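*Asks:* Build me a model from this:
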Amino acid sequence: MRKSNQEIPEPPTSRLRCAIYTRKSTEEGLDQEFNSLDAQREAAEAFIQSQRREGWVALPELYDDGGFTGANMDRPALARLLHAVEAGELDCVVVYKVDRLSRSLLDFTRMLSVFEKHKVSFVAVTQQFNTSTSLGRLTLNILLSFAQFERELIGERTRDKMSAARRKGKWVGGCPVLGYDVDPAGGRLVVNEDEAERVRAIFALFEEHRSALLTLAEIERRGWRLKSWTRKTGQFRAGGPFALHSLRRLLTNILYTGAIRHKGQPYPGEQAAILEPGVWERVQSLINHPAAFARGRSRNKHMALLSGLLYCESCETRMVYSYSAKNGRKYPYYVCLNAQRRGWAVCPAKSLPARGIEESVLGRIREAQPGIADASGWEQLDRTRQVESMQAIVERIGYDGTAQQVSIRFHPAAGEEPRA
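*Replies:* The predicted model follows:
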């Protein structure tokens, strides 16, 4: 009896899990209903659909990097993709073009080695090649070399364009500075009058105190903050507190004079000036003084207010901070180094209670220079800022143990060197 011909069933196709990765270098157009990322994903999904008989399926997870350059690997979606590869959650990575994954030959080679290690294949929808063959890898390297060349060429053109714009005094983007807003219509800087008044006040404070630390203390007392602004995406960025580096950046910013600086050379800017003529120049001369941005002594682990400043006039040596403890309480004092090393009999000053001498010095400062270290503002400062402010104000404090008198020599930047 003849056997009837029966169709032999095909072996079931193994399921190939495909992750789609998309990238766009800029944020422009991402808020549109159908943007570049959507177009890349649609093309990749269509390609995967064409391979459905081979078991290809698109994973629902989205790996979209909108507004991230392909020059490096610092991208959140790419990091998630590589983590999924290492976790064995996918079998194939699909992109629209090779340069969407990376424009760096070195970075791409590293990612391919990760793919190969975890047996993950790589497919570019518009650039068909097989990475399992030597010819396919050569083709890939050639494509990546051209992608890297294109990226570097675009970078050179962008830098040339920005240089030409800056030489014409135009605003070329970046974080706006206190005192100016970015005109949404023309992309140029326009004066924010409320913030401009604050900028003028900060310059005036620095001219008055001639000390960054005292200026910071007054800024903190008034509750002023750095620039707050809203990005094009609608994300609000709140301004943080002032610090020495941000104060210096504000005081040296030539934008406030109505000019811009490019490669060290000033050019007339499109924005209006905020400062009166001469103010910026006077402040620059003050900033160059060593005492203007003095940070104080670093070896002051006890945060002693007069550390490194107090001297015994009789022995012509320093008085150092120390303390004794009794019943769980500390009793701080300043002691003459000569008396500490050779005995109390050699020095009329010996030691001084820390609180008493510190209050006496503060009182003399307020008498000699009204408005500096006033009691209300001083108490609002933390101990570190108090120590830094004292170092910025005072150059030397002398204590005459015989006459029981205190003399103070101020920094030239803080006054006219009076002795109290």
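
*Asks:* Am I right that Ser307 sits in a strand?
*Replies:* No - if the criterion is DSSP: H, G, I helix; E, B strand; the rest coil, then Ser307 is coil and not within a strand.

*Asks:* For it, give me the backbone phi and psi.
*Replies:* The phi/psi pair for Ser307 (degrees, to the nearest 10) reads phi -60, psi 130.

*Asks:* these two touch, right, it and Tyr321?
*Replies:* Yes - counting by CB atoms under 8 Å, Ser307 does reach Tyr321; the two are 5.4 Å apart. All C-beta spots, glycine's among them, are computed from the backbone N, C-alpha and C.

*Asks:* okay, and the helix or strand of this structure with the least pLDDT?
*Replies:* Among the helical and strand segments of the chain, the one scoring lowest on mean pLDDT, DSSP states H and E is helix 134-167, with a mean of 71.

*Asks:* Name the residues of the following helix or strand past it that are buried.
*Replies:* Scanning forward in sequence from helix 134-167, with DSSP states H and E defining helices and strands, the next element found is strand 180-182. Within strand 180-182, the residues that count as buried by 16 or more other CB atoms under 10 Å are 180, 182.

*Asks:* Which residues does strand 180-182 contact?
*Replies:* 171, 176, 188-192, 195, 229, 255, 271, 274 (CB atoms under 8 Å, 6 or more residues apart in numbering).

*Asks:* tell me how far that strand is from the chain's mean position?
*Replies:* Centroid displacement of strand 180-182 relative to its chain, using CA atoms, centre = their mean, to the nearest Å, is 20 Å.

*Asks:* quick one: buried residues of stretch 251-265?
*Replies:* By 16+ other CB under 10 Å, the buried positions in stretch 251-265 come out as 251, 253, 255-258, 260, 262.

*Asks:* measure it end to end?
*Replies:* Distance across stretch 251-265, first residue to last, is 18 Å (CA to CA, to the nearest Å).

*Asks:* switch to numbering from 4
*Replies:* Sure, I'll start numbering at 4, so the last one becomes stretch 254-268.

*Asks:* So what touches that stretch?
*Replies:* Surrounding stretch 254-268, the residues in contact under the criterion CB under 8 Å, 6+ apart are 166, 169-170, 172, 174, 180, 182-183, 192, 202, 205-206, 209, 269-272, 274-278, 283, 286-287, 290.

*Asks:* Mean confidence (pLDDT) on that stretch, please.
*Replies:* Along stretch 254-268, the predicted confidence averages to a pLDDT of 81.

*Asks:* Stretch 337-349: which residues count as buried?
*Replies:* With burial defined by 16+ other CB under 10 Å, the residues of stretch 337-349 counted as buried are 337-339, 341-343.
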